[in-house]
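S.K.: Sequence and computational prediction follow.
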Amino acid sequence: MRPPSKRYSESLKQVDKEKEFKLKDAIALIKTLPKPKFDESVDLHFHLNVDPKKSDQLVRGTVVLPHGTGKKVRVAVFCKGEHETIAKEKGADIVGGTELIDKVAGGYTDFDCAIATPEMMRDLSKLGKVLGPRGLMPSPKAGTVTNDIAKAIDDVIKGKVEFRTDKQSGMHLSVGKISFSDDKILENASRVIEAVNEAKPAGVKGKFIKSLFIATSMNPGLKLES
């Protein structure tokens, strides 16, 4: 195991691992930590009180970040006819029907989000093994299977992100970049926390969010008050 870098070690000296921070104070602190030479993502890391093996305890949803994620999102739209024209006009990066499905089946996945019209889903199902593991499979619950292509693209470009629990009952979401102002990170993070709480399954008893940390890509996390 490689020893921590000098920069990371310096960051550790400034972080009290035993302390629980208010969100606003945590954001202010991560802004002061030594930074790498790129614009780090700011991420929330949840550990939830759910059993991922139970289908009725799957936590899944979407949320539109007020200030976006800070990164360019490449959007692929699987559609035909007039929907193709709409998708291109709204700024989708890759648009197509069966020819795009064949391209993806051949290994092409150079996009961050996939949207599809309902009529494409039967043909698109063959891409489950390609798109599923990457979290790219369009879903009605996520609003990415729809005939309202224009709205779906707008939402994604504005900062709509999907969340769902993993096999360890965890969830990890980006809430912006370290270059964002404190207020923008605070508003984005607060909206994500609110959305996750709203998605609490009815069958879950007791404390829902067992632990929550905020961290940048290359620095230690800070535990947040819950």
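M.R.: Thanks, I have it.

S.K.: Show residues contacting the longest helix along the chain.
M.R.: Longest helix in the chain by number of residues (criterion: DSSP state H): helix 182-198. Residues from elsewhere that reach helix 182-198 (CB atoms under 8 Å, 6 or more residues apart in numbering): 23-24, 27-28, 31, 42, 44, 46, 48, 59, 61-67, 159, 161, 163, 171, 173, 175-176, 180, 208-209, 212, 214. In this view, the C-beta of every residue, glycine as well, is placed from N, C-alpha and C.

S.K.: can you give me phi and psi for Leu224?
M.R.: Main-chain torsions, Leu224, degrees, to the nearest 10: phi -100, psi 150.

S.K.: just Ala26 next, same as before
M.R.: Torsion angles, degrees, to the nearest 10, at Ala26: phi -60, psi -40.

S.K.: Please report how far it lies from Gly143.
M.R.: According to CB to CB, to the nearest Å, Ala26 and Gly143 sit 30 Å apart.

S.K.: More neighbours: which of these two?
M.R.: Ala26 (25 against 17; other CB atoms under 10 Å).

S.K.: Find the nearest non-adjacent residue to that one, please.
M.R.: The shortest distance from Ala26 to any non-neighbouring residue, by CB to CB, 6 or more residues apart in numbering, is to Leu222 (4.4 Å).

S.K.: now Asn49
M.R.: Lys210 (5.1 Å).

S.K.: Show me what the mean pLDDT comes to for the one helix or strand that neighbour maps to.
M.R.: Using DSSP states H and E, Lys210 maps to strand 209-216. For strand 209-216, the mean pLDDT works out to 96.

S.K.: so what does it touch, helix or strand wise?
M.R.: Packing partners of strand 209-216 (3 or more CB pairs under 8 Å, 6 or more residues apart in numbering; DSSP states H and E): helix 23-30, strand 41-48, helix 182-198, strand 222-224.

S.K.: List the buried residues of the helix or strand of the chain with the lowest mean pLDDT.
M.R.: Every helix and strand of the chain was ranked by mean pLDDT, DSSP states H and E. The lowest is helix 6-14, at a mean of 78. Residues Ser11 are the ones in helix 6-14 that count as buried (16 or more other CB atoms under 10 Å).
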